[in-house]
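K.L.:
Any chance you can model this:
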Amino acid sequence: MTTRRLFAVLLVFTNLLAACLSPDGGAPAAPRQELVAPPPAVSTVAPATQSPTREEPAPTADEPAPAATAVPAAQSLPNPENTVWREIAGGLDRPTEITSPRDGSGRVFVLEQVGRIHIIQNGQLIPTPYLDISNIVGSNASERGLLGLAFHPQYAENGFFFVNYTDRDGNTRIARFSVSGSDPNQADPASRLELIRIQQPYGNHNGGALAFGPDGYLYAGLGDGGSAGDPLDAGQSLNTLLGKILRFDVDGGQPYAIPADNPFAAGGGEAEIWAYGLRNPWKIAFDRASGDLYIADVGQNQWEEVNFTPAGSPGGLNYGWRLMEASYDYSGTFYDTSALVLPVAEYTRNDGCSVSGGQVYRGQSLPGWQGVYLYGDFCSGNIWGLLKTGDGFENRLLFRTGFRISTFGLDDDGEIYLGDYSGAIYRLEAE
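P.N.:
Below you'll find the predicted structure:
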């Protein structure tokens, strides 16, 4: 068989595999959790062994998750052996985001991919959705749907919140909604104000994350538009919003203004761009205490990565895709790596296949976890802890679980939650 024919056969097999793994919306099964004998310590440096080339598989939700296993921490990371991921809600339809308005209400808001937002209050899931826009959300493909939610920093006063979703044509839309004037647990679907519509050339790599930074601006994570290998070179092009972190001043104009210090506000690129060189940023998170930014970027076929940007960093940073996949050459062309921001954590397909970005713990119930960025992998259920230290970063596997980890989130108090794509929400607690 010729090399060309062999490549064609492998490509067809890869596409068939991805199709077989598409979501089916099956009933979720609650996973067990138990402590077992600790496995060997995990290196802070990703191993060199690489798996065969393949695109990340689409999410599935049809198998029960196995037990969660705590992996004892080393050095200054906390010991997870006396903690447990405790289920606080179930029966959700493919959760994609967990967040809170930080309005003192203690409520936790959960997105469903199909286009609904639910509230968990006092440990109970409120049956009626806070917002249901499933009639305008397109979620018929594995990576489309309602993907991001961010509450305005003054939500308690103005009632504004923002969502990132794909419409029925598959294009990204970011829109603002308002809470109902008569019921704090109901949004007003008629209040929709569209900020931006971005055409998506393929069905995958939509990104979807939203977060307000310490500067009061709204940040949005956009993937490179999809397919495999970034055929449009969107990651490195400054003439498209795909493959970027965007930055909006939602208080400076209708529907928004361009912050004056956006790197291309005066030209040279699309004015909304804040940073570029990303493949599929699946969740971005600002540390509530420091303002540092964490970006989890899903890899092509070998490496998953987490990027870090210190608070106060200028815009215009290049995270490398598709020149690099994590800290490894991808394009095979010469370039100056000193001009790129390389990841602070990465792992191979031996440990998972699709990174799910996390949050920095800032709660009070687990004092030893202060400042730890928890992130995971959708396919393996592994959960790592990443801790900024005086001389760099400490990164270690903390839990082995069977969760299909789609998201992490914080409540008003900074306690951390995990979303299992099979339909359950968990909170990290002392056992």
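K.L.:
Which of the helices or strands spans the most centrally placed residue in the chain?
P.N.:
Central residue of the chain (C-alpha atoms, centre = their mean): residue 283, 2.1 Å from the mean position. Here residue 283 sits within strand 281-286, counting by DSSP states H and E.
K.L.:
avg pLDDT for the very next helix or strand once past that strand?
P.N.:
Next along the chain after strand 281-286, taking DSSP H and E as the criterion, comes strand 293-297. The average pLDDT for strand 293-297 rounds to 98.
K.L.:
Strand 293-297 pairs with which strands, and in what direction?
P.N.:
strand 281-286 (antiparallel), strand 303-309 (antiparallel) (DSSP bridges).
K.L.:
picking that back up, need the three-state assignment for the spatially closest residue to the residue nearest to the centre of the chain that is not a sequence neighbour.
P.N.:
Spatial nearest neighbour of residue 283, chain neighbours left out: residue 357 (2.8 Å); criterion: C-beta to C-beta, 6 or more residues apart in numbering. The way it works is simple: take the backbone N, C-alpha and C, and place the C-beta from them, glycine included. Here residue 357 is recorded as strand under DSSP: H, G, I helix; E, B strand; the rest coil.
K.L.:
Residue 357: neighbouring residues, count only.
P.N.:
25 (other C-beta atoms under 10 Å).
K.L.:
How about the contacts made by it?
P.N.:
By C-beta atoms under 8 Å, 6 or more residues apart in numbering, residue 357 lies in contact with 209, 281-285, 294-296, 306, 375, 407-408.
K.L.:
next one: residue 165
P.N.:
So residue 165 contacts 115, 133, 136, 137, 145, 146, 147, 148, 172, 173, 175, 208 (C-beta under 8 Å, 6+ apart).
K.L.:
returning to that earlier point: could you dump the strands paired with strand 293-297 into TSV with distance to residue 180 and mean pLDDT added?
P.N.:
Formatted as TSV, these follow (distance: least, C-beta to C-beta, whole Å; pLDDT from 0 to 100):
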stretch	distance to residue 180	mean pLDDT
strand 281-286	28	98
strand 303-309	36	98
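K.L.:
So which of those strands is nearest residue 152?
P.N.:
Closest approach to residue 152 among the strands paired with strand 293-297 is made by strand 281-286 (14.5 Å; C-beta to C-beta).
K.L.:
Return the distance of the closest one from the chain's centre.
P.N.:
From the chain centre to the centre of strand 281-286 is a distance of 5 Å (C-alpha atoms, centre = their mean, to the nearest Å).
K.L.:
got the CA coordinates for it in CSV?
P.N.:
Taking C-alpha atoms only, strand 281-286 is exported to CSV below (Å, rounded to 0.1, in the frame of the first residue of the first chain):
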residue,chain,number,x,y,z
PRO,A,281,-9.5,27.3,24.6
TRP,A,282,-11.9,25.3,26.7
LYS,A,283,-12.4,27.6,29.6
ILE,A,284,-10.5,30.6,30.8
ALA,A,285,-10.2,31.7,34.5
PHE,A,286,-9.1,34.7,36.3
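K.L.:
my guess is the residue nearest to the centre of the chain contacts residue 408, does it?
P.N.:
Yes. Counting by C-beta atoms under 8 Å, residue 283 touches residue 408, with 7.3 Å between them.
K.L.:
ok, residue 330 to residue 306 distance?
P.N.:
Per C-beta to C-beta, to the nearest Å, residue 330 is found 17 Å from residue 306.
K.L.:
doesn't residue 275 make contact with residue 264?
P.N.:
No. Contact criterion C-beta under 8 Å: residue 264 and residue 275 do not qualify, at 10.9 Å.
K.L.:
overlap in contacts of these two?
P.N.:
residue 316.
K.L.:
quick one: which of those two has more around it?
P.N.:
residue 275 (27 against 17).
K.L.:
give the contact list for the more buried one.
P.N.:
244, 245, 309, 315, 316, 317, 318, 319.
K.L.:
Let me see the contact set for the closest residue to residue 304 other than its chain neighbours.
P.N.:
Nearest residue to residue 304, sequence neighbours excluded (C-beta to C-beta, 6+ apart): residue 355, at 3.9 Å. Going by C-beta under 8 Å, 6+ apart, residue 355 touches 282, 296-299, 304-306, 347, 375-378.
K.L.:
if we go to 7 Å?
P.N.:
Residue 355 sits next to 282, 296, 298, 304, 305, 306, 375, 377 when contact means C-beta atoms under 7 Å, 6 or more residues apart in numbering.
K.L.:
where's it relative to residue 160, distance?
P.N.:
30 Å.
K.L.:
Many thanks, we can stop here.
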